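*Asks:* Need coordinates for the below:
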Amino acid sequence: MFYFDPLYILLVAPALLFSIFAALRVKTTFKKYSQMRTARGMTGADAAKTVLSANGVYDVRIEQVSGNLSDHFDPKNKVIRLSDAVYNAASPAAVGVAAHEAGHAVQYAQNYAPIRLRAAIIPATNIGSKLSVPLVLLGILFMRYSDMFYWVAVAGIVCFGLCVLFQLITLPTEYNASRRALRAIEGNHLLLPDEQKGAKKVLSAAALTYVAALSVSLMQMLRLVLRLTSYRRRY
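*Replies:* Here you go, the predicted structure:
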């Protein structure tokens with residue numbers, strides 16, 4: 001029953017294909033606008049500094065890290081880490097990504113509610129992600145022997161629901177960071193109008209990956225619920 005699951009093919013596989021498409025799109029879009037040099041020579045590091053100072057945030061460092069699209073904001077250490085293709089790169093793609101990460105730093109500085117909520121549930125989400133599948137499998141395998149195991153499986157689905165909730169909260173934080181980035185880019189004249197379009201396309205492609213991740217999690221959860229319901233009727 002675990003080797004071929006029609007529900008997986010019907011529900012999860014399309015979401016996974018969407019996720020693959022989103023990942024390819026962000027890579028190709030980033031590559032395209034990484035090859036365009038900004039007229040003002042604005043680099044990713046410059047853009048991040050400008051966004052931070054424009055919002056009165058002066059206690060966040062900016063560092064260069066290796067990796068491809070490994071850019072992120074570390075709220076614990078108050079560091080924006082920009083990849084090689086962003087830190088010193090003077091392209092619309094680099095400026096857009098760096099401004100986006102600076103947008104996350106501004107969110108924390110201004111106590112933006114969704115990102116604070118997301119940070120607060122990370123410990124529970126980490127536990128839930130580890131326990132969800134083992135609990136569901138344990139419950140389904142032994143449900144025939146005791147009703148207690150039905151509730152074990154339910155607990156597993158609830159744990160998985162924490163992961164879905166985390167990704168659901170992630171969506172507004174990512175879109176908000178992108179809006180902050182684009183406003184800062186335009187308001188501080190970091191890019192020319194045509195270059196701004198490139199930065200916007202890069203951020204839109206990146207946002208699609210979060211939509212795809214949420215869709216995969218939702219379909220996985222729906223599959224687990226339907227599978228559990230089916231076994232519940234049987235036993």
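*Asks:* okay, CA-based contacts and neighbour counts for the rest of this
*Replies:* Will do.
*Asks:* Let me see the ranges of the strands in this structure.
*Replies:* In order along the chain, the chain carries the following strands (DSSP state E): 61-65, 72-74, 79-83.
*Asks:* Dump those into CSV; add distance to A119 as well.
*Replies:* Listed next are the strands of the chain as CSV, based on distance: least, C-alpha to C-alpha, whole Å:
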stretch, distance to A119
strand 61-65, 20
strand 72-74, 11
strand 79-83, 16
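*Asks:* And those: which comes nearest L162?
*Replies:* strand 72-74 (21.8 Å; C-alpha to C-alpha).
*Asks:* The closest one packs against which elements?
*Replies:* Under the contact definition 3 or more C-alpha pairs under 8 Å, 6 or more residues apart in numbering; DSSP states H and E, strand 72-74 sits against strand 79-83, helix 92-109.
*Asks:* quick one, the longest one and strand 61-65 angle?
*Replies:* So the one you mean is helix 92-109. Angle between the axes of helix 92-109 and strand 61-65 is 140 degrees (criterion: axes from the mean of the first three to the mean of the last three C-alpha atoms, to 10 degrees).
*Asks:* Show me what helix 92-109 is packed up against.
*Replies:* Counting by 3+ C-alpha pairs under 8 Å, 6+ apart, the packing neighbours recorded for helix 92-109 are helix 13-34, helix 44-54, strand 72-74, strand 79-83, helix 84-87, helix 113-142, helix 148-187, helix 193-234.
*Asks:* same check, this time on the first one
*Replies:* Counting contacts by 3+ C-alpha pairs under 8 Å, 6+ apart, strand 79-83 is packed against strand 61-65, strand 72-74, helix 92-109.
*Asks:* pLDDT of it, averaged?
*Replies:* When the per-residue pLDDT values of strand 79-83 are averaged, the result is 98.
*Asks:* Next: stretch 130-140.
*Replies:* Average pLDDT, stretch 130-140: 92.
*Asks:* Extract the CA atoms of that stretch and return them as PDB.
*Replies:* Extracted C-alpha coordinates of stretch 130-140, given in PDB (Å, rounded to 0.1, in the frame of the first residue of the first chain):
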ATOM      1  CA  LYS A 130      10.100  15.000  12.500                       C
ATOM      2  CA  LEU A 131       7.100  13.300  14.200                       C
ATOM      3  CA  SER A 132       4.400  13.700  11.600                       C
ATOM      4  CA  VAL A 133       5.100  10.900   9.200                       C
ATOM      5  CA  PRO A 134       6.200   8.300  11.800                       C
ATOM      6  CA  LEU A 135       3.100   8.900  13.800                       C
ATOM      7  CA  VAL A 136       0.800   8.700  10.800                       C
ATOM      8  CA  LEU A 137       2.400   5.400   9.700                       C
ATOM      9  CA  LEU A 138       2.400   4.000  13.200                       C
ATOM     10  CA  GLY A 139      -1.300   4.800  13.600                       C
ATOM     11  CA  ILE A 140      -2.300   3.400  10.200                       C
END
